[in-house]
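Participant: Quick check, what structure comes out for this input:
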Amino acid sequence: MDRKNNQLKETRTQELIRRLRYNKSATFGLIIVLILILCAIFANYLAPNNPSPSPPELFNALKPGFWSQKGIEGMPLGTDALGRCVLSRLLFGARVSLSAGFVAVGIAMILGITFGTVAGYYGGWIDAVIMRIVDIMFAFPALLLAIVIVTVLGQGLSKAMIAIGIVYTPQMARIIRSSVLYIKEMEYIEVQKAIGSSDRRIIFHHILPNSIAPVIVYGTLMLASAILDCAALGFLGLGAQPPTPEWGAMLSKSYSYIVSGAWWAATFPGLAILFSVLGLNLLGDGLRDILDPRLKI
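Facilitator: Just a heads-up that it's a prediction; the model follows:
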C-alpha cells in the first residue's frame, strides 16, 4: 500500500513538473524568483562592498557606474548620495525585502487559515462574527490600513511586516473559508463524521490538505503584493529605517536626484521591485493554471 502511495505521489510530482515546464510564463517567473532568492542568500559573497559603511564615504557620493569613465572601480552600478555601493545595497536589500514579504505572508496565512477554517467548518454565529470583521477590514484600502497599524505599533521593519500580515489576513481567510465550505459537503467528510472522527482529525487530515492548492497560489500572489507594500511603507519612512538597505527606503532617499542626472540611485531599486513583483505574479498565475484540476495540459 505504501509503495502504491509513493508511486502515486511520484506520478503527481512528475505531472506538476511537466506542466510547469510547459507553462513558459510560470517558468520565467520561477527563474526570476530563484535568482532573487540566491542573491539574498549569497549577498555576503556577491556584494563587492559593505552596503552600509560607517562613516559614509561622502567623497564618492552619486558617482556613476560601469557606463561612465567617471565611475569608481568596484562599484559597477554607481553610488548613492552617501557614497554607498548601489549594487551591494541591492543585494542585501533583496534579503531584507524578501524576508519581509515572506514573514508578512506567513503571518497572514497562519491567521487567515485559522479564522477561515473555523468560520467555514463550524458556520453559524462564529462564521457570521468572523466574516463581519473581515468585511469591516475590507472596507479600508490595504495600504491605508497598514499605515494606521504601523502608526499604532511604531515605525520599523518588524512593525511593517506585522501590519501587512494583519492587512492580508482577511483575504486569506475568505479564500480558505470558500474552500472549506465546499470540501466539508463532500461525501468522504460525511463518512468521517459518521464513523465518529473528531473535528480536529477531519480538519487537519482531510479539509486542510485538500485546501492547499488555493493557499499556494494565492500566497505566491500575496507575496508579490507584500513586497510592494513593504517597499511603499519604506518609501514613506514607516518601514525599514536607515541604514538598513531596503528597496523602498533606497528609492525614497534617491528619487530626488534623478533631475540632477544621478538616475542610477533610484532606477536600480525601482527595477528590483519591478522584477520581483513581476516574477512572483507570473509564478502565481502559472501555479494557478498548473494546480487547477480543471485545466489539464
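
Participant: From here on, just use CA atoms for contacts and neighbour counts.
Facilitator: Fine.

Participant: At which residues are the strands of the chain located?
Facilitator: Along the chain, no segments are classed as strands by DSSP state E.

Participant: Show me the longest helix that occurs in it.
Facilitator: If you go by DSSP state H, the chain has its longest helix at helix 86-122.

Participant: Show me how far it is from its chain's centre.
Facilitator: Centre-to-centre, helix 86-122 and its host chain are 6 Å apart (Cα atoms, centre = their mean, to the nearest Å).

Participant: for that helix, packing partners?
Facilitator: helix 24-41, helix 43-46, helix 124-138, helix 157-183, helix 212-235, helix 247-254, helix 264-291 (3 or more Cα pairs under 8 Å, 6 or more residues apart in numbering; DSSP states H and E).

Participant: In CSV, list those helices along with mean neighbour count, distance to residue 52 and mean pLDDT.
Facilitator: CSV is the format used below for these (neighbours: other Cα atoms under 10 Å; distance: least, Cα to Cα, whole Å; pLDDT from 0 to 100):
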stretch, mean neighbour count, distance to residue 52, mean pLDDT
helix 24-41, 18, 16, 90
helix 43-46, 15, 13, 91
helix 124-138, 14, 38, 91
helix 157-183, 23, 17, 91
helix 212-235, 22, 17, 88
helix 247-254, 24, 12, 88
helix 264-291, 21, 15, 88
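
Participant: quick one, what contacts residue 33?
Facilitator: 276, 279, 280 (Cα atoms under 8 Å, 6 or more residues apart in numbering).

Participant: Tell me how far the closest residue to the last one other than its chain neighbours lies from residue 286.
Facilitator: Setting aside the residues directly before and after it, residue 280 is nearest to residue 224 in space (Cα to Cα, 6 or more residues apart in numbering), at 5.5 Å. Counting by Cα to Cα, to the nearest Å, the gap between residue 224 and residue 286 amounts to 14 Å.

Participant: So which of the helices and strands packed on helix 86-122 is nearest residue 189?
Facilitator: helix 157-183 (7.6 Å; Cα to Cα).

Participant: Can you list the buried residues in stretch 56-75?
Facilitator: 60, 61, 62, 63, 64, 65, 71, 72, 75 (16 or more other Cα atoms under 10 Å).

Participant: Touching that stretch from outside, list them.
Facilitator: Identification of contacts with stretch 56-75 by Cα under 8 Å, 6+ apart yields 48-49, 76-87, 262, 264-265.

Participant: For it, list the C-alpha coordinates in CSV.
Facilitator: Output in CSV follows, covering the C-alpha atoms of stretch 56-75 (Å, rounded to 0.1, in the frame of the first residue of the first chain):
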residue,chain,number,x,y,z
PRO,A,56,29.7,57.3,5.0
GLU,A,57,32.2,57.9,2.1
LEU,A,58,30.7,61.2,1.1
PHE,A,59,33.5,62.0,-1.3
ASN,A,60,32.2,59.1,-3.5
ALA,A,61,28.6,60.4,-3.5
LEU,A,62,26.5,59.9,-6.6
LYS,A,63,29.3,58.5,-8.8
PRO,A,64,28.1,56.7,-12.0
GLY,A,65,28.8,53.0,-12.7
PHE,A,66,30.4,51.0,-15.4
TRP,A,67,28.7,53.0,-18.2
SER,A,68,30.8,56.1,-17.4
GLN,A,69,34.5,56.8,-17.3
LYS,A,70,33.9,58.7,-14.1
GLY,A,71,32.8,55.6,-12.3
ILE,A,72,34.6,54.1,-9.4
GLU,A,73,36.3,50.7,-9.6
GLY,A,74,34.4,48.0,-7.6
MET,A,75,31.1,49.9,-7.8
